[in-house]
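> got a sequence here, can you model it:
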Amino acid sequence: MSKTVEVDADAEVIMSIVSDFEAYPQWNPEIKGSWILARYDHFSKQEQRFSVVPIGATSLLTVDLEVETKLSIPGPMVKKAIGETLDHLANSLVARVQWLAGA
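Got it, this is the predicted structure:
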């Protein structure tokens, strides 16, 4: 699944946030530390990919999330959970951009 949001920042600012793994706990409360490789035991795989396309003073941020479950979970439940996770992740990243702009 994928989510795209417009962020009021240039691509370099967004990519600097995304690539600073050690700072993730500062803006994403779901991450307690960068050393955690897998937080959810019911996933055998969880990958996040970020891409940023500059469009003038703003940028389009796309977050892709791919998971594989160990348990047999109905597809609609997985999609709902992933959708909520993507919303949370995108909103947290936008809030981090806004916080850094004000700092």
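> how about residues contacting stretch 5-15?
50, 52-55, 57-61, 90, 93-94, 97-98, 100-101 (Cβ atoms under 8 Å, 6 or more residues apart in numbering). Bear in mind the C-beta positions are built from the backbone N, C-alpha and C, glycine included.
> out of those residues, which end up buried?
Neighbour-count burial (16 or more other Cβ atoms under 10 Å) applied to these gives 50, 52, 59, 61, 90, 93-94, 97.
> tell me which of those fall in helices.
90, 93-94, 97 (DSSP state H).
> any idea how far stretch 89-100 is from the middle of the chain?
Here stretch 89-100 shows a centroid-to-chain-centroid distance of 10 Å under the convention Cα atoms, centre = their mean, to the nearest Å.
> next up, the contacts around the residue nearest in space to the middle of the chain.
For the chain, the residue nearest the mean C-alpha position is residue 89 (3.9 Å; Cα atoms, centre = their mean). Neighbouring residues of residue 89 by Cβ under 8 Å, 6+ apart: 3, 28, 48, 63, 65.
> please redo it, this time with the cut-off set to 10 Å
3, 5, 27-28, 30-31, 48, 50, 61, 63, 65 (Cβ atoms under 10 Å, 6 or more residues apart in numbering).
> now the residue lying farthest from the centre of the chain: phi and psi?
Most distant from the centre of the chain: residue 72, at 24.7 Å, with distances by Cα atoms, centre = their mean. Per-residue torsions, residue 72: phi -80, psi 100 (degrees, to the nearest 10).
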